[in-house]
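Asker: got a predicted structure plus its sequence, pasted below:
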Amino acid sequence: MSALSSSLYLALGIATATGIGATFSTSSPSTDEPGQTVRAPAALVITSPRICAALEVYTLANENDWGLRTTIAQAVLNGFNDAGRVPDCAAGVSAALAKDFSPHRWQLALDAVDAVVAGTYSVSPDACARANTVVPLSTEATSPVVARARCVIYDLAFVEVH
């Protein structure tokens, strides 16, 4: 079994064992053969706020900065709360596992989400804490949303959108 397959099975096993919103059908198993692409089960659904927020932290936090990771986590969780739901992030989790997955970086992302949820870390200033949208500056520099940004960390704008 390849390390990537092991990581996928580990992530899916943890998600289902802890009951955090991951469901899948065993009708489309991942492949363990060397040289084969690792695929998530076809019916995989992940709607756990913890996992989906951690995915955004994992994807967007390109700097080794605790404040950046927690601010992303806070903004994403605020967005979920404002929307009243967590969108299915299974495709993003599958993509992250299939491309240079870093277990250490994933754990840092989970730790940031956990700290925000538990209240052991408070994001500041208030403009960052209230944000519910994260916009990469490199791709959206002319966006009206970015123009309203009161919180910018590295190349990310944190914006409160209603």
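Answerer: Perfect, I can see it now.

Asker: count of neighbours near residue 72?
Answerer: The local packing count at residue 72 equals 29, with neighbours defined by other CB atoms under 10 Å. For the C-beta atoms, the positions are set from N, CA and C on the backbone; glycine is no exception.

Asker: what sits against it?
Answerer: Residues in contact with residue 72, defined by CB atoms under 8 Å, 6 or more residues apart in numbering, are 56, 57, 60, 61, 112, 134, 156.

Asker: looking at the residues you listed, which are in helices?
Answerer: In this view, the contacts of residue 72 that belong to helices under DSSP state H are 56, 57, 60, 112.

Asker: what is the neighbour count of the first one?
Answerer: This points to residue 56. 21.

Asker: same question for the last one.
Answerer: Counted by other CB under 10 Å, the residues lying close to residue 112 total 25.

Asker: again, but for the second one
Answerer: Counted with other CB under 10 Å, residues neighbouring residue 57 total 26.

Asker: ok, and for the longest helix along the chain, which residues are buried?
Answerer: Determined from DSSP H, the single longest helix within the chain is helix 66-83. Taking 16 or more other CB atoms under 10 Å as the basis for neighbour counts, the residues of helix 66-83 that come out buried are 68-80.
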